[in-house]
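From the sequence below, what's the structure:
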Amino acid sequence: MLTAAIMFLLLVVAVWTDLDRHKIYNGNTYTGIALALLIATVNSYWGGGEQMQRLLGSIQLSDAAVGFFICGSIMIVCYVFFSIGGGDVKLIAMLAAFFGLQKGIEAMLWTFIIGGALGLVTILWTVDFRTLVRRFFQRVRSIILLQTIEREEGEEAVGAKPLYLAPSALVAAVIVQFNLLDRLGWI
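So this is what the prediction gives:
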């Protein structure tokens, strides 16, 4: 339980800074990664009895390290090829260090699903419908004809709206930590 409380506190700070300043600070994510690995180390080597494990609510060090490495590596690929922010990379790696590999991947996927849905709503809310439809068909045509699309002068890229992954990661962490889909009977 202590581990979850620390993780959610760090996530709330990340959400606040992401929404307020469009940044997820290294101090927040590096602290979270270090604490997650430290707590997992304590749990693995000095965990004591069942009472200590209930208090910490942590995973084994090997699971935390593998989750951190795999999810962090996936996010680095997203950073290089898909313009994900560096803070988002470290935030998802931090979540995986707290959750471990399986739940870390689940949290990462939920973050992408929720973030993508919020991004779509933002685009639909802020871009004129005719512009959106016109750009969609231009994009399909360019893919078929293997062409590139030149932006018209003064036209903002439809996908250039900021995508806040920290709030999506917080919701994803709640879904994973409390096993909400199972509790709601959705799976």
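
would you list every one of the helices in the protein?
Here the chain has its helices, by DSSP state H, at 2-21, 26-45, 50-56, 61-82, 86-99, 101-126, 129-145, 165-177, 180-183.

Which strands or helices does the helix or strand of the chain with the lowest mean pLDDT pack on?
Lowest by mean pLDDT, DSSP states H and E among the helices and strands of the chain is helix 50-56, with a mean of 74. Identification of packing neighbours for helix 50-56 by 3 or more CB pairs under 8 Å, 6 or more residues apart in numbering; DSSP states H and E yields helix 2-21, helix 26-45. All C-beta atoms are positioned from the backbone trio N, CA, C, and that covers glycine.

so which of these comes closest to Ser73?
helix 26-45 (14.0 Å; CB to CB).

so what secondary structure elements neighbour that closest one?
helix 2-21, helix 50-56, helix 61-82, helix 86-99.

tell me the angle it makes with helix 86-99.
20 degrees (axes from the mean of the first three to the mean of the last three CA atoms, to 10 degrees).

average pLDDT for helix 26-45?
What helix 26-45 shows for mean pLDDT is 95.

In that helix, which residues are buried?
28-29, 32-33, 35-37, 39-41, 43 (16 or more other CB atoms under 10 Å).

Distance to Gly87 added to these, as JSON lines?
Shown next, in JSON lines, are the buried residues of helix 26-45 (distance: CB to CB, whole Å):
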{"residue": "Asn28", "distance to Gly87": "8"}
{"residue": "Thr29", "distance to Gly87": "7"}
{"residue": "Gly32", "distance to Gly87": "12"}
{"residue": "Ile33", "distance to Gly87": "13"}
{"residue": "Leu35", "distance to Gly87": "17"}
{"residue": "Ala36", "distance to Gly87": "17"}
{"residue": "Leu37", "distance to Gly87": "19"}
{"residue": "Ile39", "distance to Gly87": "22"}
{"residue": "Ala40", "distance to Gly87": "22"}
{"residue": "Thr41", "distance to Gly87": "25"}
{"residue": "Asn43", "distance to Gly87": "27"}
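
Quickly check these for the two that are furthest apart.
Asn28 and Asn43 (22.3 Å).
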